[in-house]
Structures are given as C-alpha cells and as structure tokens.
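J.: got a sequence here, can you build the structure:
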Amino acid sequence: MYLQKDGVAMGSPLGVLFTNFYMGVVEERVFSRICRPDVYMRYIDDTFVMAPSTQDIETFRRLFEECSCRFTVEYSKDGQLPFLDVLISPNTSGFNTKSECPTRVKASTIKAYVHRALSHCSSWAVTHQELHRVAQVLVNNGYSNRQVSREIKLAMDTWYQVEQPTVNTRTTTNLYYKGFMHRDYQKDEKAIRDSIKSHVSPGDKKRGQVDYLLSN
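T.: This next block holds a predicted model:
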C-alpha cells in the first residue's frame, strides 16, 4: 500500500524539514496505539506499508487521520505498486524494483519536444520534419504511436490557439478627451472635429467618410 499525504505545502525551503518533524510526531502517536507494520517506509510524507489485510490498512489510515493527517491510498495491482517513480513487486526474499515513469511525466516529455520544435523551427516545412524525427525518437524509446500522436496533436492545437492573432472586428474607434465645461467648451469640440476631419481618413475607403463622436 502507498499512502500519500494530502495538502502538504512544499514551497518553502523549510517545508521538507517541517514535514519530517510533523510526521515523526504523528508516527509516535499512531504506533503507541497499534503495532508497527512489518514493512513501513516513509520519504517525507509518502509512505510505503505492507500489512496482512486491507482491514489492517484501513485501521492504520484511520489512526493517522485521527491525528489530523489525510491520506490518499493506492493499493498494489497485479502484485505491483508504483512508489516515488519506482515500481515495486514482492519476491520470496524481499522486493524487486525497477524504474517507473508516470504517464504525466511521459506526456510532459512529448510536449517539451513539440514546443521546442514549434519555437525553434523557422518554417512549417522544417517543423514538420522535426516533429516526424521527434515522433520516431520517442517511439524508439518505448512510447506508443498512439500516445505520441495524441500529445503532438494536443500541443499543436494549444500552440495554434495561443499564437493566432486576435482579429479586430470593430468598425469604429472612440476618441476620448477630458472636457471642462467652461464658456468656450464648444470651441474646443469644434477644434477637435476640424482636426479629425482634416487629418484622419477611414481605413475602409468604401465608407467615404469618418464618423466621430466626442465623449467626456
């Protein structure tokens, strides 16, 4: 069983120290009420436990939660359990271990390759060649064609949406000025109208004139 502590903030440089101290105090309280499991290993707030039954695991978790610790529990499947990027399986004398790469890490690797191709290549033709090379490299290193194709498509869609310029559909432009209602304010407005009429022309020549509205 893999226990993962929920809600621990690790942003501070002292986060690891405080977490280890806190978990050590909690463990003393829990193990004063229940026998320590045959296998109990912890790295900061991630805990690996081996117990005789699921009921023992639930009792173990309940005692931790009574000490204000909420845990996410993951049980072994087909005799294997991933723990901190290590895939663990039991044998007659202990455990077998091998490297385990979570799906989210694989997806991030593909996205990094795609982003690099999109940001570094100078043309779409070169980009296509680079993406084809990247896909081949990933497949050669154990990635599935389906996963590579899916992540490349998602990355391309995201890039396209971000990079496309926003089309301005507005047909008017508002000009604002700070007007003070003195006796000659009408002269100020006339001067602005005359300036626009003399120096501003419409971008759409079919309109033939400039429409304007003075707003305070």
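J.: in space, what's closest to P90 - neighbours in sequence excluded?
T.: Spatially, and ignoring its direct neighbours in sequence, P90 is nearest to G79 (6.7 Å; CB to CB, 6 or more residues apart in numbering). In short, each C-beta sits where N, CA and C put it, glycine included.
J.: my read is that the one you found contacts S89, right?
T.: Yes. In this structure G79 lies within contact range of S89 using CB atoms under 8 Å: 5.3 Å.
J.: okay, the two: which has more neighbours?
T.: Between G79 and S89, S89 has the larger neighbour count (other CB atoms under 10 Å), namely 13 against 10.
J.: so which residues of this protein form strands?
T.: For the chain, strands defined by DSSP state E occupy the ranges 2-5, 39-43, 46-50, 71-74, 81-83, 86-91, 94-99, 175-176, 214-215.
J.: W124 is nearest to which of those strands?
T.: strand 94-99 (36.5 Å; CB to CB).
J.: among the strands of the chain, which comes closest to E58?
T.: Judged by CB to CB, the one of those that comes nearest to E58 is strand 71-74, at 8.4 Å.
J.: which parts of the closest one are buried?
T.: F71 (16 or more other CB atoms under 10 Å).
J.: stretch 137-154 now?
T.: 138, 143, 148, 151-152.
J.: for the record, mean pLDDT for stretch 58-65?
T.: Across stretch 58-65, the average pLDDT comes to 87.
J.: same question for stretch 31-40.
T.: The pLDDT scores in stretch 31-40 average 86.
J.: restricting to C-alpha, output that stretch in CSV.
T.: Below are the C-alpha coordinates for stretch 31-40, written out as CSV (Å, rounded to 0.1, in the frame of the first residue of the first chain):
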residue,chain,number,x,y,z
PHE,A,31,2.5,3.5,16.9
SER,A,32,1.7,3.9,20.5
ARG,A,33,-1.8,2.6,19.7
ILE,A,34,-1.0,-0.1,17.1
CYS,A,35,1.8,-2.4,16.3
ARG,A,36,4.2,-1.1,13.7
PRO,A,37,3.7,-2.9,10.3
ASP,A,38,6.2,-5.5,9.1
VAL,A,39,7.2,-3.0,6.4
TYR,A,40,6.9,0.7,6.9
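J.: what number of residues lie near the nearest residue to L154 once chain neighbours are set aside?
T.: Residue nearest to L154 in three dimensions, not counting chain neighbours: K111, with 7.8 Å by CB to CB, 6+ apart. K111 has 15 neighbouring residues, counting by other CB under 10 Å.
J.: how about D38?
T.: Under the neighbour criterion other CB under 10 Å, D38 is assigned a count of 9.
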